[in-house]
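# how does the following fold in three dimensions:
(chains A and B)
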2 protein chains.
Amino acid sequence: MQVVVPFAAESPKTRLESVLSPEERATFARAMLVDVLEAIIETGYEPTVASTAPLSLESGFDLADDTVDLDSSAATLSDAGVAVEVDDRPLTDAVNARFEATEEPVAVVMADLALATPEALEDLFARTADVAVAPGLGGGTNALVVSHPEFRVDYHGASYLDHCRIAREVGASLETVDSFRLATDIDEPADLVEPLVHGSEHKHAPSYLRDLGFELETTDGRVDVARTARDRSK
Amino acid sequence: MQVVVPFAAESPKTRLESVLSPEERATFARAMLVDVLEAIIETGYEPTVASTAPLSLESGFDLADDTVDLDSSAATLSDAGVAVEVDDRPLTDAVNARFEATEEPVAVVMADLALATPEALEDLFARTADVAVAPGLGGGTNALVVSHPEFRVDYHGASYLDHCRIAREVGASLETVDSFRLATDIDEPADLVEPLVHGSEHKHAPSYLRDLGFELETTDGRVDVARTARDRSK
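Okay, the predicted model is just below:
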C-alpha cells in the first residue's frame, strides 16, 4: 500500500491568520506534517509527501522561524524513507493521479491531523473494504484508503458525503472509521484547543503552540485558547 | 452497570439561540435525548434520565412544537424501561451522587451526542479500565464509565484533562476512547453540520433539523449549515 500525504507548502492554514503570522502558520503546518509522518512511519509504512512546492527535508524545511527545531526530525524522516514529490495540481487532481498511477491500494492522509496516532492510522489501514473513509469535522474527508480501481476523490464541499456517493456509483464497498483523532483537522483558531488537550508532549505541533504562548482558557462553553505574549527573543 | 443520561430540561442548548427559538431548542434537545436513549437501549442497557425538571415520557414530553412527533418514541422508551428521575443539582453534583449511591459501575452519557451509535457506546461500555472516557470537542467529557469507588467527576472547564488528573490522583486506571461519534456534542450552530452529514435517516434530531429547513451549505472551508424558510403551517 502506498501512503500519500498531500501538503500545501505555500500559504498554508490561512484560516488561522487571526492568531498566527504567515511565518508561524508555515512553521505550524510543517510541525503538524512531521507529526503525521512520524505517526505513519510508526505503522510501518513509508509515506510520500505530495507537496505543492519543493520542500527540503534535508535542510529542515528551510524555516526562518527557529522557535521549533524541525531540522533533526526532518533528517530522521529522510532516513526513514519519506519521499517528497512536487505536485502543484489542485488536491483532488493530485490525489486522483496517484490512484491512476498504481494498482496498489493507496492511503491518503491529510497533513493537518495533529492528533493522529499510529493506533488510529493502523485501524484505518487495516480496513478491508474497497474504500475506507475517516470523516473530518464539518463534512470533510481526513483520511481514506482506496483499493477500488474506479474510485476517485472529490474534495470540494461535503466530501465525506460525495465519497460515500462515489463509492456507491462505482460499486465499491465502503467503511467509515469512527475516530476522533482522525476526525480532528486543524483549520480554525478554535481547533487549536485539540492539540493542546490531546497532543502528546513529544509531538511538534502542540509544543510549538505552547512555545508561541498558546494556552487553554476556560469559558462558559467549550474550552478556548488564548495566546499570551512571550519573550520570543530568549 | 447503571447508565445515566443527565438532561437539562429547562432552557437547554442556549448556545444555539442564534439559529433556533427557545421552543425549537427545547424540542431539538428532546429529539437528541431520544436518539441517545434509543442507542443505549440497543446496547442492552436500561438508561435512567437524570433530568433537572420533571419530564414526562408518557405524554411525549409535553411538547408544544408538533414539527416532530416524539410521542410514540417516548412511549417506546417507557416500555423499554427508561426511567426519569428529577435531580436539580448542578451536573457535577448530580453525577457524583450517582457514584456514591451504588457499588456498581456507572456510565454517564451526555444527552446531546446526536451521532451516538450502539456500536460506539458498546465500545465504551466494554472497556475494562477503572475509568473509561470518551472526550468531547473542546476539552470536554462526553461519556464515561466509572468503576472505581473514589473517582469523582468535575465537568467545569477542560473536564477531560481534569478527569485524567483525578483518575491519577485516586490511583484509577484510565482508558480514552477514540470515537468521533462520541466526541461530537451539539452545542453551537456549526455543530449542526454533523447530524445533517452523519445522522441516519431514522434519527429524530437530524430529521427535525431538516424539517426546520436546515441544509448543508458549502463554503470555502468546512461545510456550514443554512436555514431556509419553510412553510411550517403545512
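# summarise which helices and strands the lowest-mean-pLDDT helix or strand in chain A is packed against.
When each helix and strand of chain A is scored by mean pLDDT, DSSP states H and E, helix A:71-79 comes last, with a mean of 81. Packing partners of helix A:71-79 (3 or more Cβ pairs under 8 Å, 6 or more residues apart in numbering or on different chains; DSSP states H and E): helix A:22-42. C-beta coordinates here come from the backbone N, C-alpha and C atoms, glycine included.
# got the residues of chain A near chain B?
Applying Cβ under 8 Å from any Cβ of the partner chain, we find that chain A lies next to chain B at A:15, A:117, A:119-120, A:135-140, A:156-158, A:160-161, A:178-183, A:187-188, A:190, A:193-194, A:197-198, A:216, A:218, A:221-224.
# so which of these are in helices?
Among the residues of chain A next to chain B, the members falling in helices (DSSP state H) are A:119, A:120, A:160, A:161, A:180, A:181, A:182, A:183, A:193, A:194, A:197, A:198.
# on that earlier part again, by how many degrees do the least confident helix or strand of chain A and helix A:22-42 diverge?
Helix A:71-79 runs at 40 degrees relative to helix A:22-42, counting by axes from the mean of the first three to the mean of the last three Cα atoms, to 10 degrees.
# follow-up on the earlier one: by neighbour count, sort out the buried ones in the residues of chain A next to chain B.
For these, a burial check counting by 16 or more other Cβ atoms under 10 Å in any protein chain shown picks out A:117, A:120, A:135-140, A:157-158, A:160-161, A:178-183, A:187-188, A:190, A:193-194, A:197-198, A:216, A:222-224.
# circling back to that earlier point, next, give me the two most distant ones among the ones in helices among the residues of chain A next to chain B.
Spanning the widest gap among these are A:161 and A:197, at 28.3 Å by Cβ to Cβ.
# chain B versus the residue nearest to the spatial centre of chain A, what's the distance?
Central residue of chain A (Cα atoms, centre = their mean): residue A:111, 1.9 Å from the mean position. Applying Cβ to the nearest Cβ, to the nearest Å, the value for residue A:111 to chain B is 16 Å.
# OK, contacts around the closest residue in space to residue A:17 that isn't next to it in sequence?
Using Cβ to Cβ, 6 or more residues apart in numbering or on different chains and skipping residues adjacent in sequence, the residue nearest residue A:17 is residue A:25, 7.1 Å away. The contact partners of residue A:25, taken as Cβ atoms under 8 Å, 6 or more residues apart in numbering or on different chains, are A:11, A:12, A:13, A:14, A:16, A:17.
# quick check: bridge partners of the closest residue to residue A:176 other than its chain neighbours?
Spatial nearest neighbour of residue A:176, chain neighbours left out: residue A:133 (5.5 Å); criterion: Cβ to Cβ, 6+ apart. Beta-bridge partners recorded for residue A:133 (DSSP bridges): residue A:144, residue A:176.
# next up, the contacts around residue A:133.
Residues in contact with residue A:133 (Cβ under 8 Å, 6+ apart) are A:141, A:143, A:144, A:160, A:163, A:164, A:174, A:175, A:176, A:177.
# try residue A:209
A:28, A:192, A:195, A:196, A:225.
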